[in-house]
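Trainee: Predicted model, plus sequence, below.
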Amino acid sequence: QVQLVESGGGLVQPGGSLRLSCAASGSIVNIHKMDWYRQAPGKQREFVATITNAGSTNYADSVKGRFTISRDNAKNTVNLQMNSLKPEDTAVYYCYAVVDIVGSSYQQHYWGQGTQVTVSS
């Protein structure tokens, strides 16, 4: 199996920055892509950003120009640099990965446990 562990959340003032990290571990053969999603209170979980193992990225319109996703394939980690944070960015942020694992010919999907980001003055 595979575990995804997020870190880096916290409380920040509007206009501030935070850097989230997600480390994948376990019986990993290959990670096809790693994404960040977020879920605000009372709202559905929504896509934030994605990065493939080739380095291709895509972002939700709401975070373009403010957030940057990056990946270290050797360490199986993905980061999300969040700048110019707004109160509406407040949410639990989740890491998601599509993975080939030892002993399976099917791609597996995994979620992290989430990390809280609160943007408030």
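Mentor: Perfect, thanks for sending it.
Trainee: contacts, neighbours, all on C-alpha from now
Mentor: Noted.
Trainee: Helix or strand: which one has the most centrally placed residue in the chain?
Mentor: Note on the chain: the residue nearest the mean C-alpha position is residue 36, at 2.8 Å, using CA atoms, centre = their mean. Assigned by DSSP states H and E, residue 36 falls within strand 28-39.
Trainee: where along the chain do the strands fall?
Mentor: Secondary structure of the chain (DSSP state E): strands at 2-7, 10-12, 18-26, 28-39, 46-52, 57-59, 67-72, 77-82, 91-101, 108-111, 115-119.
Trainee: Include mean pLDDT when you put these into TSV, please.
Mentor: Formatted as TSV, the strands of the chain follow (pLDDT from 0 to 100):
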stretch	mean pLDDT
strand 2-7	96
strand 10-12	98
strand 18-26	97
strand 28-39	95
strand 46-52	97
strand 57-59	98
strand 67-72	96
strand 77-82	98
strand 91-101	96
strand 108-111	96
strand 115-119	98
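Trainee: Show the contacting residues for the closest residue to residue 116 other than its chain neighbours.
Mentor: Distances taken as CA to CA, 6 or more residues apart in numbering put residue 92 closest to residue 116, at 4.3 Å, once the chain neighbours are dropped. Contact partners of residue 92, counting by CA atoms under 8 Å, 6 or more residues apart in numbering, are 38, 39, 40, 114, 115, 116, 117.
Trainee: a markdown table please, covering those residues and showing neighbour count and distance to residue 3.
Mentor: A markdown table is the format used below for the contacts of residue 92 (neighbours: other CA atoms under 10 Å; distance: CA to CA, whole Å):
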| residue | neighbour count | distance to residue 3 |
| --- | --- | --- |
| 38 | 22 | 18 |
| 39 | 19 | 20 |
| 40 | 17 | 23 |
| 114 | 22 | 12 |
| 115 | 21 | 15 |
| 116 | 19 | 18 |
| 117 | 22 | 21 |
